[in-house]
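In: structure, please.
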Amino acid sequence: MAMARSISYITSTQLLPLHRRPNIAIIDVRDEERNYDGHIAGSLHYASGSFDDKISHLVQNVKDKDTLVFHCALSQVRGPTCARRLVNYLDEKKEDTGIKIIMILERGFNGWEASGKPVCVMCLVPLFLVPLINLMPRIIDYFMAKLYAWLGWEYRKPARIPPACPFKPVAKNDNATKVAAETGTEGTETIAKPVVAEETGGIKQD
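Out: Predicted coordinates:
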């Protein structure tokens, strides 16, 4: 007989000494931002956008765990929503899966990271790769110059075109400029209204 489950909250400070225990699983339900924002070491990724489709896989994957801690970026929408969906799923199945405690990480991953808690070491690799990649052209030029000098040739550095900015400036409308000059509104800033994206049926982003 499955037991009734409730959802509680846990702080980053409380979770830190516990998150390595074998009976605890941290469930990260963020979407694509996990790929570039980093993640808590050892956490399992079940994106909120496809959580319902993979919920049965999650239950199988944590069959040896009795405590699950959900989080998203801030644990305000996606984390609590997915935690509640898991509770509803377990109640419908009425099976004893071994999951006894379901919690939500307060302030989510952003709070965990802001409080100085550890993240996956592999997430820091890009921070070291970017400067190295930027230096590669200069390193190649240095060794090529040495090689050419050894052969008695003159080495000329190839012309490298800097990457184009992906944001192109909007062309000014000559008519609009003339009207603005005549009305005395030229030079004033126009604040664009934010575009609100329509919901696609997924979980609201927090």
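
In: and Asn134, how many neighbours?
Out: Using other C-beta atoms under 10 Å, the number of residues around Asn134 comes to 9. C-beta: built from backbone N, CA, C; applies to glycine.

In: my bad, should have said Ile55
Out: Other residues within reach of Ile55 by the criterion other C-beta under 10 Å amount to 16.

In: using the three-state scheme, assign it.
Out: Three-state assignment for Ile55 (DSSP: H, G, I helix; E, B strand; the rest coil): helix.

In: cool, Thr97 as well?
Out: With three-state DSSP as the basis, the three-state label of Thr97 is coil.

In: which helix or which strand is home to Asn134?
Out: Secondary structure here is read from DSSP states H and E; on that basis Asn134 sits in helix 125-151.

In: dump the residue contacts of the closest residue to Asn23 other than its chain neighbours.
Out: Nearest residue to Asn23, sequence neighbours excluded (C-beta to C-beta, 6 or more residues apart in numbering): Asp66, at 5.1 Å. The neighbours of Asp66, taking C-beta atoms under 8 Å, 6 or more residues apart in numbering as the test, are 23, 98-101.

In: please report how far Asp66 lies from Arg5.
Out: Between Asp66 and Arg5 the computed distance is 11 Å (C-beta to C-beta, to the nearest Å).

In: do the same with Leu68
Out: Leu68 sits 10 Å away from Arg5, going by C-beta to C-beta.

In: what of Ser48?
Out: For Ser48, the distance to Arg5 - C-beta to C-beta - is 20 Å.

In: likewise Ile40?
Out: Ile40 is 23 Å from Arg5, by C-beta to C-beta.

In: who's more crowded, those two?
Out: With other C-beta under 10 Å as the criterion, Ile40 and Arg5 differ in neighbour count, and Ile40 comes out ahead with 23 against 16.

In: what's near enough to touch the closest residue to the more buried one other than its chain neighbours?
Out: Of all residues not flanking Ile40 in the chain, Ile26 sits nearest, at 5.5 Å (C-beta to C-beta, 6+ apart). Residues touching Ile26, when contacts are defined by C-beta under 8 Å, 6+ apart, comprise 15, 19, 40, 42-44, 68-69, 71, 105.

In: out of those, list just those in strands.
Out: The subset of the contacts of Ile26 located in strands under the criterion DSSP state E comprises 44, 68-69, 71, 105.

In: what would the residues you listed look like in TSV with distance to Val77?
Out: As requested, the ones in strands among the contacts of Ile26 are exported to TSV (distance: C-beta to C-beta, whole Å):
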residue	distance to Val77
Leu44	19
Leu68	18
Val69	17
His71	12
Leu105	14
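
In: ok, how many other residues are close to Gly49?
Out: As a burial measure, Gly49 scores 17 neighbours (other C-beta under 10 Å).

In: roughly how far apart are it and Asp91?
Out: Gly49 sits 23 Å away from Asp91 when distances are taken as C-beta to C-beta.

In: so what's Thr67 bridging to?
Out: Beta bridges link Thr67 to Ile24, Ile101, judged by DSSP bridges.
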